[in-house]
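Visitor: Could you work out the structure for the sequence below:
(one chain, ligands or ions: 1)
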Amino acid sequence: LIAMAACQPAKPEINFPKTDLGAAPLIPKPVKTVATHSAFGLDQNTAIYTSTTDPKLEKVGQFLSEKIKWSTGLDLAVNSSDDSKSVERFIYINLADDASLETAESYQLDIKKDSILLNAKTAAGAFRGIQTLRQLIPEKSNDTLTDHALWPIPSGQIVDSPKFEYRGAMLDVARHFFTLDEVKKYLDILAYYKYNTLHLHLTDDQGWRLEIKSWPKLTEVGGEFEVGGGKGGFYTQEEYKELVAYAADRHITIVPEVDMPGHTNAASVSYPFLNGNGKPLKTYTGTQVGFSTFDAQKDTVYSFLDDVIGEIVELTPGPYFHMGGDESHVTKKSDYILFVEKVEKIIQKHGKQMVGWNEVAQADISSSSVLQLWNEAKYATKAAQDGSKIILSPAEKAYLDMQYDSLSKFGLHWAAYIPVDEAYNWNPETYIEGLPRESILGIEAPLWSETISNSTEMEYLAFPRAIGYAELGWSPAEHCNWEDYRQRLAQQVAYLNKKQVAYYPTKLVDWK
Ligand code: TNX
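Guide: Now for the predicted structure:
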């Protein structure tokens, strides 16, 4: 490193106007920032190097190079040994085992005039760090400081670490189907704000969206419809793998959900032996909930689920499998409990931890299973007492499908209207009375899709609120301040416009 810097020829000093790293509009706001008021001049003579200790780090370097190209047009080499190019400045991405790097996702940035050093314990941490770096690149270059275009990055140090281990978004691809490209775009934006999980709600009454090779009718029949009568759709296993890999390149884990025993009309229409509600089956394109159930008494239902879960687990590098479990209004309580306990065993047999919506706490679930709170706090406190970790998705604060107000074009309002400030103004660590901090795995913002069917509509509901949840999931509570946040949010327009995100331009923010 030192040798690399030392063998560079002397170069003219650039007199940067005074900068303030502490005032940079970063979201999520880092734990600690120290400004040194100078700048690193990002330009064509900048090179990216990565430590060779982990090949995944080079990928992080490549990702940074691509994104710098996207936002500035600069073409920066990664780990180039080509001496003919004059390298005046460098960005070095390094793996370090410093005690101040608290978690796998922690990172430190040291930005000086001629070098940027990014330290992390893992490639995931380095990836989070380069999102910070991306956010520090000014929208426009400065063309007057030297004879070529230069993007001054404010100098100083950042020491940063996530508040929660789990920072998720959920997308319902069952009520309306979303294409691979639409989900990828969502992943891009989530990655920019340091999310690490995308939960995909793959099945519901209206559709089954993932190919299962041993039970092909699930998608041949169950994939062919959606809310409103549109043509539906599904992911082949090859396409799903592509999505999982695309997410993994962004250090995002996909959590697959098969919602059951309720929310299963599409599966039962495909294979009627699954049905437990005793009524004739037909495809469903409305938006009611709670009318369908699997038959919890049949062994064949569990062998079917063993196949389905087995195939999905093969496509799932992450630790979790979500079994839904919500709103099973036509399942007898004793059947519901039996079903959850049996399915939990199947999931565990396949080597994954179960996640379920809060109702699953009615069953005797094991402490390695995770409970996702959406409507009833008593289930979360009970599961936490029994040793489970909790994901917080309280509908009245964290549901992306709730309308902003009564004039909102899309969304529902059964839980609340959630304007952008109210989506942000709550403290997940203290929100649920009696829930110990250590029991909180993290937060997740679900986007149900009864009222939305394409990227434009999805982005209207998700943004800007999902940006606020990113901060609530990452930044210490003392940094979460609406007045300060809304100023930083206003400055996201450069990114959001360039990325062509159809965000909802709330009047609560003075968009730049
Ligand atoms: C409740 S939240 C549901 C979903 C709906 C959503 C609409 C939850 C676990 N179940 O089936 O799509 O409300 O907001």
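
Visitor: Got the domain ranges for the protein?
Guide: 2-160, 166-485 (automatic domain parsing).

Visitor: So what's the gap between the shortest one and the chain middle?
Guide: The gap between the average C-alpha position of domain 2-160 and the chain average comes to 24 Å, counting by CA atoms, centre = their mean, to the nearest Å.

Visitor: Averaged pLDDT, it. What do you get?
Guide: The pLDDT scores in domain 2-160 average 92.

Visitor: about what we covered before: how about TSV for the domains of the chain, with mean neighbour count and distance to the ligand added?
Guide: Heads up, the C-betas are built off the backbone N, CA and C, glycines and all. Listed next are the domains of the chain as TSV, based on neighbours: other CB atoms under 10 Å; distance: least, CB to the nearest ligand atom, whole Å:
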stretch	mean neighbour count	distance to the ligand
domain 2-160	18	25
domain 166-485	20	3
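
Visitor: so which of those gets nearest residue 495?
Guide: domain 166-485 (6.8 Å; CB to CB).

Visitor: Quick one: distance of that closest one to the chain centre.
Guide: Worked out by CA atoms, centre = their mean, domain 166-485 lies 13 Å from the chain centre.

Visitor: before we move on, back to that, save the domains of the chain as CSV, and put in distance to residue 496 too.
Guide: CSV is the format used below for those (distance: least, CB to CB, whole Å):
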stretch, distance to residue 496
domain 2-160, 11
domain 166-485, 7
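
Visitor: Of all the ones you listed, which one is nearest residue 498?
Guide: Comparing these by CB to CB, domain 2-160 comes nearest, at 6.9 Å.

Visitor: doesn't residue 509 make contact with residue 486?
Guide: Yes: Residue 486 is within contact range of residue 509, at 5.1 Å (criterion: CB atoms under 8 Å).

Visitor: which neighbours do the two share?
Guide: Common contact partners of residue 486 and residue 509 (CB atoms under 8 Å, 6 or more residues apart in numbering): none.

Visitor: re the thing from before, minimum distance to residue 491: which of the domains of the chain has it?
Guide: Within the domains of the chain, the stretch nearest residue 491 is domain 2-160; the backing value is 3.8 Å (CB to CB).

Visitor: Residue 237: what's its closest spatial neighbour, skipping adjacent residues?
Guide: Leaving out its chain neighbours, the residue that sits closest to residue 237 by CB to CB, 6 or more residues apart in numbering is residue 211, at 5.1 Å.

Visitor: give the contact list for that neighbour.
Guide: For residue 211, the contacting residues are 218-219, 234-237, 240, by CB under 8 Å, 6+ apart.

Visitor: residue contacts, residue 185?
Guide: Applying CB under 8 Å, 6+ apart to residue 185 gives the contacts 455, 499.

Visitor: From residue 454, how far out is it?
Guide: 11 Å (CB to CB, to the nearest Å).

Visitor: Next: residue 414.
Guide: 23 Å.

Visitor: quick one: low-confidence ranges for the stretch 401-512 of the chain?
Guide: For the stretch 401-512 of the chain, applying pLDDT under 70 flags no range at all.

Visitor: tell me the two of the contacts of residue 211 that are most distant?
Guide: Maximum pairwise distance among these (CB to CB): 13.2 Å, between 218 and 240.

Visitor: between these two, what contacts are shared?
Guide: Residues touching both residue 218 and residue 240 (CB under 8 Å, 6+ apart) are 210-211.

Visitor: Name the residues that touch stretch 54-67?
Guide: 48-52, 75-79, 91, 93, 95, 122-123, 126-127, 130, 133-134, 249-250.

Visitor: export it as CSV, just CAs?
Guide: C-alpha atoms of stretch 54-67 as CSV (Å, rounded to 0.1, in the frame of the first residue of the first chain):
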residue,chain,number,x,y,z
ASP,A,54,-11.0,-12.9,0.0
PRO,A,55,-12.0,-13.2,-3.7
LYS,A,56,-15.4,-11.8,-2.8
LEU,A,57,-13.7,-8.5,-2.1
GLU,A,58,-12.7,-8.1,-5.7
LYS,A,59,-16.4,-8.4,-6.6
VAL,A,60,-17.2,-5.6,-4.2
GLY,A,61,-14.5,-3.5,-5.9
GLN,A,62,-16.0,-4.3,-9.3
PHE,A,63,-19.4,-3.3,-8.0
LEU,A,64,-18.0,0.0,-6.8
SER,A,65,-16.3,0.6,-10.2
GLU,A,66,-19.6,-0.1,-12.1
LYS,A,67,-21.5,2.3,-9.8
